[in-house]
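In: here is my input, please return the structure:
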Amino acid sequence: MTHYVQTGLEKLIKEPPKELSGYRLGLLCNPASVDRKFRHARELIHKHFPGELTALYSPQHGFFSEKQDNMIESDHITDPLLQVPVFSLYGETRIPTKEMFDPIDILLIDLQDAGTRVYTFIYTASYCLEAARKFGKKVVVLDRPNPVGGAMVEGNCLIPECTSFVGRYPIPMRHGLTIGELLRLFNGHYGIGCDLEVIPMKGWKRGMYFQDTGLPWVAPSPNLPTPLSAMVYPGQVLWEGTNVSEGRGTTQPFEYFGAPFIDTEKILSALGRKELPGAILRPAAFEPTSNKWCGELCRGFQIHITNPPEYKPYITSLRLLRAILSHHSDGFEWKLPPYEYEFERLPIDLIIGSTEIRKRVEQSGDLDEIEESWEKETAGFIEARREFCLYE
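Out: Numbers count the residues shown, from 1 in each chain. So this is what the prediction gives:
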């Protein structure tokens, strides 16, 4: 059943807060920052607060979401529509400078998050909160849905030794919070302490997936083209730390994965030919047009989700990773640095958020035991996040 969710942006425009009038506004946004009629946030804010929008800010992948991959920086530009500066927060610096915040009094944040610990938008936003506190600015977050729902929390919490731009705080891989709730958690529980306000959504419930919201999906980054790609992402992002293609360079990134050396029959046999909970693996072949194995025939699978509430993306992809590592040790390799500006540590450790889990997977450890090993810390996170939740 489809419900109709009103985003923080739509609430802001319907009932413009008087406390924003007369202040210089900044907006952290990208192409997914739209209302249900596909009107962009900067146009709507400019219309309702004429002359007040004085600067724009862009996260990873660029203001137009045009940069395909990790560590491809975007430059500062001038917005062709409003003729105001667009400061890149994924370029020469990922931390806003005083000069970047000088043109504004209040920063509005309107970003579509992916609901996954390693998605960098939440850390760009966290750096903005820190800068706002340092430079005496206020932050207002226009909340949006967690596309993979808010009912399920999954995965180990990041350990301090694995912190990076794909993991700044000890949260699980699938955190189950909206971007507004998550920034409240960062600000309150982890002590940023800036002047923060969240304009919550109307009608969003924790059990909703993006398809349930009635909102249009605009890809927040080039390789999350559909809500389905976002649903598999909390697990399938693991392949970024390996020489197995995560489907970049195909029309269905993260749903497809594979490599020239994979024997799909062997992998299905290793998994016991059981259906994965909530999903079916369909053997597939593909040739990426870019990224890993560009132009080469890859054999692997497409993940088809059959029952979203049953499907656990993180443990599912860990099972697949262990099977491929066990049966293709001659072809399989961990990807070497650099990865997201880390030049020494293994990318897979930064993605998993734990060296221990990677070692246990390498040693063909029992996945049920690995899953049980993080239950206590996940329960602790669920308890800690409770006071920052905005929705029942």
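In: for His46, see how far away the residue nearest in space to the middle of the chain is.
Out: For the chain, the residue nearest the mean C-alpha position is Tyr119 (3.0 Å; C-alpha atoms, centre = their mean). According to C-beta to C-beta, to the nearest Å, Tyr119 and His46 sit 28 Å apart. All C-beta atoms are positioned from the backbone trio N, CA, C, and that covers glycine.
In: before we move on, what about Lys134?
Out: Taken as C-beta to C-beta, the span from Lys134 to His46 is 27 Å.
In: Phe210 too?
Out: Distance from Phe210 to His46, by C-beta to C-beta: 27 Å.
In: which of those two has more neighbours?
Out: Phe210 (23 against 19; other C-beta atoms under 10 Å).
In: got the domain ranges for the protein?
Out: 8-216+383-388, 227-353 (automatic domain parsing).
In: export those to JSON lines and tack on mean pLDDT and distance to Gly365?
Out: Compiled in JSON lines, the domains of the chain are given as follows (pLDDT from 0 to 100; distance: least, C-beta to C-beta, whole Å):
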{"stretch": "domain 8-216+383-388", "mean pLDDT": "97", "distance to Gly365": "13"}
{"stretch": "domain 227-353", "mean pLDDT": "96", "distance to Gly365": "8"}
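In: moving C-terminal of the strand or helix carrying Ile45, what's the next helix or strand?
Out: Remark: Ile45 resides in helix 41-48, with elements defined by DSSP states H and E. Later in the chain than helix 41-48, the nearest helix or strand by DSSP H and E is strand 53-58.
In: figure out how far that next one is from the centre of its chain.
Out: Its chain's C-alpha centre and that of strand 53-58 lie 22 Å apart, by C-alpha atoms, centre = their mean, to the nearest Å.
In: and what of stretch 217-233?
Out: That offset, for stretch 217-233, works out to 9 Å (C-alpha atoms, centre = their mean).
In: go on, stretch 112-125?
Out: So, by C-alpha atoms, centre = their mean, the centroid of stretch 112-125 is 4 Å from its chain's centroid.
In: with stretch 147-158 instead?
Out: 12 Å.
In: next one: stretch 36-55
Out: With C-alpha atoms, centre = their mean, you get 25 Å for stretch 36-55.
In: buried residues in it, which are they?
Out: Residues of stretch 36-55 classed as buried by neighbour count (16 or more other C-beta atoms under 10 Å): 40-42, 44-46, 49, 52-55.
In: could I have the CA atoms of that stretch written out in PDB?
Out: Extracted in PDB, the C-alpha atoms of stretch 36-55 (Å, rounded to 0.1, in the frame of the first residue of the first chain):
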ATOM      1  CA  ARG A  36       7.200  15.300  -5.500                       C
ATOM      2  CA  LYS A  37       6.800  17.400  -8.600                       C
ATOM      3  CA  PHE A  38      10.500  17.200  -9.200                       C
ATOM      4  CA  ARG A  39      11.000  20.900  -8.400                       C
ATOM      5  CA  HIS A  40      14.500  21.500  -7.000                       C
ATOM      6  CA  ALA A  41      15.000  22.700  -3.500                       C
ATOM      7  CA  ARG A  42      17.100  25.700  -4.500                       C
ATOM      8  CA  GLU A  43      14.400  26.900  -6.900                       C
ATOM      9  CA  LEU A  44      11.700  26.500  -4.200                       C
ATOM     10  CA  ILE A  45      13.700  28.200  -1.500                       C
ATOM     11  CA  HIS A  46      14.700  31.000  -3.800                       C
ATOM     12  CA  LYS A  47      11.100  31.600  -4.600                       C
ATOM     13  CA  HIS A  48       9.900  31.600  -1.000                       C
ATOM     14  CA  PHE A  49      12.900  33.400   0.500                       C
ATOM     15  CA  PRO A  50      13.800  35.700  -2.500                       C
ATOM     16  CA  GLY A  51      17.400  37.000  -2.400                       C
ATOM     17  CA  GLU A  52      18.300  35.000   0.800                       C
ATOM     18  CA  LEU A  53      19.900  31.900  -0.700                       C
ATOM     19  CA  THR A  54      23.500  33.100  -0.900                       C
ATOM     20  CA  ALA A  55      25.500  29.900  -1.300                       C
END
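In: many thanks, I have nothing further to ask.
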